[in-house]
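Asks: Quick one: sequence plus predicted model below, questions after.
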Amino acid sequence: MSSDLMQKVISLCKRRGFVFQSSEIYGGLRSAYDYGPLGVELKRNLMNRWWRDMVHSREDVVGLDASIIMHPRVWQASGHLAGFSDPLVDCKVCKERFRADKATRAAPGEALTLAFADKGRAKVAQALIAEQFGRELDRRGKTLIGAVAGDRGYVCPVCGSPFLSEERQFNLMFRTSLGAVDPMGAVANAIESGEFAGLSGAELRQKLDGLTKDSAVYLRPETAQAMFVQFQNVQQSMAMKVPFGIAQMGKSFRNEITVEHFIFRSCEFEQMEMEFFCEPGTDAEWLEYWCQQRMGWWTRYANEPDRFRLRPHEPDELAHYAKGCYDIEYLYPWGWGELEGIANRTDYDLKKHAESSGSKLEYFDPVKRQRYTPFVIEPAAGATRGVLVYLIDAYREEQVEGAKGTDTRVVLKLHPQLAPIKVAVLPLVKKNGMPEKARAVVEAFFERGINAKYDEQHAIGKRYRRHDEIGTPWCLTIDGETLENDTITIRDRDSMAQRRISIGDAVTEIEGLLRD
């Protein structure tokens, strides 16, 4: 996979309306993205397929759509308030802030090459390092050589610098306030009265937390906790018998420090999670079952299934609540990275919430006549990360022969079930009744719930290329022969093969291809 693939995918996403930088006209907002007309269709198609396969195609899984803002005690019981933080480091050369656990690794004493965007920035960095750290590095164009890695085992992921700040813990949850009274008013009054005078940093922080805690709430960092909190309500209202699952799709928020990789990690993202409650002792087989189910689901819609792998967590990687965990990883242009995690969370969450709330989050087995706290297997996938995976998987550049010689065709070979537009209907010319016939065909698709696109702009060859580039699987062309015998040309995106079908069979033809 070429090193510049990501730049090509990012460029296509903006040019064709898949993904835009958030608030771009104001300079953009880091780690925040907007999904354009085609991006939102791709993301919804992906999430709808997940819901169909995880909920609508099973009798043992039901859905939930929980509030983004939950009672703060939920996050206290789950451990998020106390421990949901990452070690952050600042690069003293390029000023990048990054997660220490995600930084580029380098062995102590390893020779380093620092790289910058241009010669000017390399010169500034060279002077700064000499002045602040007393190290004279040699400059070769946009790079600096002569530095060595320190004892930490990592360097700046942007410029490669070993000149770093100390690690600091950084809470990943977004905090806000709920209620009509602004807590900042109490803070202002305390400052005005001199209540904070002479306090140390730790004492000041404790005082501020005391003034704001009554109204403090958090944007959820994951969808999982709502499914644990609502376990009893869902189980009893739907008369569910263990084993059963609760599924949820929705937005989560993490104050991430993103270093690169486009929408791979962002502050606001959508998850597709399911908590599967099972009898203790059966958890190992259910973990294996869901690993295979989820791996099969991702590869089903991919062109290159060998770029997915299932990786077990090492003991030192496991979360404190996990008995076992696997990651479904994808081979991104920068290397292997997580797409979905499948974890055996044991009975940790239900017991923590039962202890904190005083509620009995247990299940009574009517056959065995015994009560127990179920174990939980959690397949947790990122919908936004899935969009990126399938864009990378689908992107192709092909050399094709045309009237003017060899040409490069950019094509997104998206699975038809995921493609934003299923079929484009193209009148060969904008006259002779062809547009009217084309629009009638589009209306027939709309009536059957198939997303079709009428397109009359530019020459027919350019229209084919445009729909290749956005992943439209099939194009239907209305031409002069259509006016004579009511047949139309159907063109396949991947093979570019064309054949004629009856205009009356257009909808059933596409429906059949989508089923296949």
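Replies: Received it, and whenever you're ready, just let me know what you need.
Asks: the helices in the stretch 151-300 of the chain, which residues?
Replies: Along the stretch 151-300 of the chain, the stretches classed as helices by DSSP state H, counting those that start in this stretch are 183-192, 201-212, 224-229, 231-237, 283-300.
Asks: Tell me which of those sits most buried.
Replies: helix 224-229 (a mean of 23; mean count of other C-beta atoms under 10 Å). In short, each C-beta sits where N, CA and C put it, glycine included.
Asks: L483: neighbouring residues, count only.
Replies: L483: 12 surrounding residues under other C-beta atoms under 10 Å.
Asks: nearest to V367, of the helices of the stretch 151-300 of the chain?
Replies: helix 231-237 (15.6 Å; C-beta to C-beta).
Asks: CA atoms of the closest one as PDB?
Replies: Output of helix 231-237 as PDB, limited to C-alpha atoms (Å, rounded to 0.1, in the frame of the first residue of the first chain):
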ATOM      1  CA  PHE A 231     -29.800  -4.200  32.300                       C
ATOM      2  CA  GLN A 232     -32.600  -4.900  34.700                       C
ATOM      3  CA  ASN A 233     -35.200  -2.700  32.900                       C
ATOM      4  CA  VAL A 234     -34.400  -4.300  29.500                       C
ATOM      5  CA  GLN A 235     -34.300  -7.800  30.800                       C
ATOM      6  CA  GLN A 236     -37.600  -7.600  32.700                       C
ATOM      7  CA  SER A 237     -39.600  -5.500  30.100                       C
END
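Asks: Just give me how far that helix sits from the chain centre.
Replies: 29 Å (C-alpha atoms, centre = their mean, to the nearest Å).
Asks: Give me the contacts around it.
Replies: With contact meaning C-beta atoms under 8 Å, 6 or more residues apart in numbering, helix 231-237 is reached by 62, 64, 227, 240, 244, 246, 275, 277, 350, 359-361, 363.
Asks: Just the buried residues out of those, in ChimeraX syntax.
Replies: ChimeraX command restricting those to the buried ones, with burial defined by 16 or more other C-beta atoms under 10 Å:
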select :62,64,227,240,244,246,275,277,350,361,363
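Asks: TSV please, covering the contacts of helix 231-237 and showing pLDDT and distance to A122.
Replies: Formatted as TSV, these follow (pLDDT from 0 to 100; distance: C-beta to C-beta, whole Å):
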residue	pLDDT	distance to A122
V62	98	58
L64	98	53
M227	98	51
M240	97	62
F244	98	59
I246	98	54
E275	98	50
F277	98	56
L350	97	55
S359	95	60
K360	93	64
L361	96	58
Y363	97	63
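Asks: of the contacts of helix 231-237, closest to Q370?
Replies: Closest approach between these and Q370, by C-beta to C-beta: Y363, at 9.4 Å.
Asks: Go through the contacts of helix 231-237 and name the one nearest H467.
Replies: The nearest one, if we look at the contacts of helix 231-237 relative to H467 and count by C-beta to C-beta, is L64, at 37.6 Å.
Asks: With A32 as the reference, measure out to Y26.
Replies: Distance from Y26 to A32, counting by C-beta to C-beta, to the nearest Å: 12 Å.
Asks: Between these two, which is the more surrounded one?
Replies: A32 (14 against 7).
Asks: Next, work out how far apart I460 and L178 are.
Replies: Taking C-beta to C-beta, one finds I460 at 57 Å from L178.
Asks: between these two, which one's more packed in?
Replies: I460 (18 against 13).
Asks: give me every residue that touches that one.
Replies: Contacts of I460 by C-beta under 8 Å, 6+ apart are L426, L428, T477.
Asks: switch the cut-off to 6 Å
Replies: Shown in contact with I460 (C-beta atoms under 6 Å, 6 or more residues apart in numbering): L428.
Asks: Over to K352?
Replies: For K352, the contact set (C-beta under 6 Å, 6+ apart) comprises A77.
Asks: do the one 3 residues further on as well
Replies: With contacts defined as C-beta under 6 Å, 6+ apart, E355 has no neighbours.
Asks: Swap in 10 Å and give it another go.
Replies: Neighbour list for E355: A77, L361 [criterion: C-beta atoms under 10 Å, 6 or more residues apart in numbering].
Asks: Now do the buried residues in the helix or strand where it lies.
Replies: Remark: E355 resides in helix 348-357, with elements defined by DSSP states H and E. By 16+ other C-beta under 10 Å, the buried positions in helix 348-357 come out as Y348, D349, L350, K351, K352, H353, A354.
Asks: quick one: the fifth one from E484, how far?
Replies: I take that to be K352. In this view, K352 and E484 are 73 Å apart by C-beta to C-beta.
Asks: now swap in the first one and tell me
Replies: When distances are taken as C-beta to C-beta, Y348 and E484 turn out to be 71 Å apart.
Asks: which regions of the chain lie under the pLDDT threshold?
Replies: 1-3, 83-86, 257-260 (pLDDT under 70).
Asks: could you redo the last one with a cut-off of 50?
Replies: Counting by pLDDT under 50, the chain shows low-confidence ranges at 1, 259.
Asks: where exactly do the helices run in the stretch 401-516 of the chain?
Replies: 434-447, 460-469, 480-485, 506-515.
Asks: out of these, which comes closest to S161?
Replies: Short answer: helix 460-469, nearest of these by C-beta to C-beta, at 38.5 Å.
Asks: on that earlier part again, closest to G296 out of the buried residues of helix 348-357?
Replies: Distance to G296 across the buried residues of helix 348-357 (C-beta to C-beta) is lowest for D349, with 26.6 Å.
Asks: Skipping adjacent residues, who's closest to that closest one in space?
Replies: F228 (4.4 Å; C-beta to C-beta, 6 or more residues apart in numbering).
Asks: Check for me that T384 belongs to a helix.
Replies: Yes: with DSSP: H, G, I helix; E, B strand; the rest coil as the criterion, T384 is part of a helix.
Asks: With adjacent residues omitted, what lies nearest to it?
Replies: For T384, the closest residue by C-beta to C-beta, 6+ apart turns out to be F269, at 4.6 Å.
Asks: what does L428 give?
Replies: D479 (4.2 Å).
Asks: Now for that neighbour: which residues touch it?
Replies: D479 neighbours (C-beta under 10 Å, 6+ apart): L426, P427, L428, V429, N432, M434, K437, I460, T487, I488, T489, R500.
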